[in-house]
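Chemist: Need a 3D model of the sequence below.
(2 chains)
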Amino acid sequence: MEILETVFVRNNLIVAFAVVGVTIWVSYFLADKLTQGRIHGSAIAIALGLLAAYFGGVATGGNTGVADVALLSGIGLMGGGMMRDFAIVATAFGVHMSELKKAGLAGVVSIFAGVIVSFIVGAAIAVMFGYTDAAEITTIGAGAVTYIVGPVTGEAIGASDAVITLSVAAGLVKSILVMIGTPLVARFIGLDNPQSAMVFGGLMGTTSGVAAGLAATDPKLVPYGAMTATFYTGVGCLLGPSILFFIVSGMF
Amino acid sequence: MIVYGVALLSVCLILGMIIGETLGVLLGVDANVGGVGIAMLFLVFASNSDLFRSLTEDAAGSGIKFWSAMYIPIVVAMAARQNVAAAVDGGFLALLAGVAAVVVSFALVPVLSKLSSPQVVADNEEAN
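Modeler: Next up, the predicted model:
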């Protein structure tokens, strides 16, 4: 047992490749047999990943899901920001400039619209729940933008730790829902071409959510959505503690 | 050589990240502004240009394609390391704020997609 543990921990990234490979094989098998291919295999794999992350988090009390389990720590490296960004950039290989130009304006507009709309929705719900302090309302609104914008904004404008934690939770809910919900709604929102994928990435913004949501919908759309999504958090961090906070301060 | 493609991909990411970080500092923001998106643009330029042909064709190209194909497995690993427990513990306010933001944003996708160049809309109509 000890030998097994030593080998697993020392070769954690390799273990992750094997575990993820098996998970994807099982997922594609289930997608094929149980749903006759109606649900994409990668959608099932991502859902299984999230489920495992929940149990990993509950069991260990850590904050990186299943990667906090020592034997599976390689999942943390494989699914971390560095590998994610590297693979996302690789998906741009073979993309044509002309496709990007077609949605250029819509893509830029969608980034700003996405940040502002998510912020308003989050802030309005904070008000509904009885928050009256401008810094607290702004932080919760920023959390609805992404789970990075929430704490960045909250710390910049001096919100309490409890509210910052709440804003991270709101952002996580958003990210997870985009991962699971995108393949389900794709047909109804016209998400089937590079241009709508760029708008989608700009509106949703959560890089993880968009990355996984599009992967489970149609992997060909990934580079377009990811391209705009990666600007979103930056724009959110720019607007949150500045203009958006000033506007909220003026109202409360 | 496969490694040429991998190296090109790496250089694109690093350059993009440096620009993204610099943009963040210039804007006074504690975040990387579009580093990955800028890196993707570099790779699109390189793969569409004759100048970099030896780094994107044949074996070198398969070095990039490998990482592109590893994208979904990496995303599955990413899902498995999310802090799902914290999202569940966030309570009703966090849940409602997250859900509402997603629903409203989903609804805006078809609205803003209409802003894409008219050429695209015409193409789509022809396809239908």
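Chemist: if you skip the residues just before and after it, what's nearest to residue 54?
Modeler: Looking at chain A here, since you left the chain open. Leaving aside its chain neighbours, residue A:54 sits nearest to residue B:84 (4.1 Å; criterion: Cβ to Cβ, 6 or more residues apart in numbering or on different chains). From N, CA and C alone the C-beta is placed, and that goes for glycine too.
Chemist: To clarify, I was referring to chain B.
Modeler: Leaving aside its chain neighbours, residue B:54 sits nearest to residue B:60 (6.9 Å; criterion: Cβ to Cβ, 6+ apart).
Chemist: now residue B:116
Modeler: For residue B:116, ignoring the flanking residues on the chain, the nearest one in space by Cβ to Cβ, 6+ apart is residue A:195 at 4.0 Å.
Chemist: do residue A:110 as well
Modeler: Distances taken as Cβ to Cβ, 6+ apart place residue A:202 nearest to residue A:110, at 3.1 Å, with adjacent residues excluded.
Chemist: quick one: contacts for the residue nearest to residue B:54?
Modeler: By Cβ atoms under 8 Å, 6 or more residues apart in numbering or on different chains, the contact list for residue B:60 reads B:1, B:2, B:4, B:5, B:8, B:54.
Chemist: Most neighbours among those residues, which one is it?
Modeler: residue B:5 (28 neighbours; other Cβ atoms under 10 Å in any protein chain shown).
Chemist: For chain A, see how far away that one is.
Modeler: Residue B:5 is 9 Å from chain A, where distance means Cβ to the nearest Cβ, to the nearest Å.
Chemist: now the helix or strand hosting that residue, how far from the centre of its chain.
Modeler: Assigned by DSSP states H and E, residue B:5 belongs to helix B:2-27. Distance, stretch centre to chain centre, for helix B:2-27: 13 Å (Cα atoms, centre = their mean, to the nearest Å).
Chemist: So for it, what gets flagged as buried?
Modeler: B:4-6, B:8-9, B:12-13, B:16-17, B:19-20, B:23-24 (16 or more other Cβ atoms under 10 Å in any protein chain shown).
Chemist: can you check stretch B:87-104 too?
Modeler: Across stretch B:87-104, burial judged by 16+ other Cβ under 10 Å covers B:87-88, B:90, B:93-102, B:104.
Chemist: Pull the number of nearby residues for the residue nearest to residue A:110.
Modeler: The burial count for residue A:202: 31, using other Cβ under 10 Å.
Chemist: Which SSE is immediately downstream of the helix or strand harbouring it?
Modeler: Assigned by DSSP H and E, residue A:202 belongs to helix A:194-204. Reading on from helix A:194-204 to the C-terminus, the next helix or strand found by DSSP H and E is helix A:207-217.
Chemist: Any part of that next one near chain B?
Modeler: Yes. Helix A:207-217 comes into contact with chain B (Cβ under 8 Å from any Cβ of the partner chain), by way of A:207, A:208, A:211, A:212, A:215.
Chemist: again with stretch A:176-191
Modeler: Yes. Contact of stretch A:176-191 with chain B (Cβ under 8 Å from any Cβ) involves A:176, A:177, A:178, A:179, A:181, A:185, A:189, A:190, A:191.
Chemist: List the buried residues for that stretch?
Modeler: For stretch A:176-191, the neighbour count (16+ other Cβ under 10 Å) marks A:176-183, A:185-186, A:189-191 as buried.
Chemist: show me where chain B has helices.
Modeler: For chain B, the helices defined by DSSP state H cover B:2-27, B:35-48, B:53-56, B:58-69, B:71-80, B:84-89, B:91-113, B:118-127.
Chemist: want to throw the ones you listed into JSON lines with distance to residue A:124 and mean pLDDT?
Modeler: Below are these laid out as JSON lines (distance: least, Cβ to Cβ, whole Å; pLDDT from 0 to 100):
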{"stretch": "helix B:2-27", "distance to residue A:124": "27", "mean pLDDT": "91"}
{"stretch": "helix B:35-48", "distance to residue A:124": "29", "mean pLDDT": "86"}
{"stretch": "helix B:53-56", "distance to residue A:124": "48", "mean pLDDT": "81"}
{"stretch": "helix B:58-69", "distance to residue A:124": "40", "mean pLDDT": "89"}
{"stretch": "helix B:71-80", "distance to residue A:124": "29", "mean pLDDT": "87"}
{"stretch": "helix B:84-89", "distance to residue A:124": "20", "mean pLDDT": "78"}
{"stretch": "helix B:91-113", "distance to residue A:124": "8", "mean pLDDT": "87"}
{"stretch": "helix B:118-127", "distance to residue A:124": "33", "mean pLDDT": "47"}
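Chemist: got the domain boundaries for chain B?
Modeler: What automatic domain parsing lists as the domains of chain B is B:1-82, B:88-128.
Chemist: circling back: can you name every helix or strand that the helix holding residue A:202 contacts?
Modeler: Secondary-structure packing of helix A:194-204 (3 or more Cβ pairs under 8 Å, 6 or more residues apart in numbering or on different chains; DSSP states H and E): helix A:97-102, helix A:104-128, helix A:207-217, helix A:222-239, helix B:91-113.
Chemist: Quick one: closest of those to residue A:149.
Modeler: Ranking the helices and strands packed on helix A:194-204 by proximity to residue A:149 (Cβ to Cβ) places helix A:222-239 first, at 3.7 Å.
Chemist: now the angle between helix B:35-48 and the closest one, please.
Modeler: Calculated by axes from the mean of the first three to the mean of the last three Cα atoms, to 10 degrees, helix A:222-239 forms an angle of 140 degrees with helix B:35-48.
Chemist: near chain B at all, helix A:222-239?
Modeler: Yes. Contact of helix A:222-239 with chain B (Cβ under 8 Å from any Cβ) involves A:222-223, A:226-231, A:233-235, A:237-238.
Chemist: would you list these in a markdown table and tack on neighbour count?
Modeler: Shown next, in a markdown table, are those (neighbours: other Cβ atoms under 10 Å in any protein chain shown):
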| residue | neighbour count |
| --- | --- |
| A:222 | 27 |
| A:223 | 29 |
| A:226 | 28 |
| A:227 | 31 |
| A:228 | 29 |
| A:229 | 34 |
| A:230 | 29 |
| A:231 | 27 |
| A:233 | 25 |
| A:234 | 26 |
| A:235 | 24 |
| A:237 | 28 |
| A:238 | 21 |
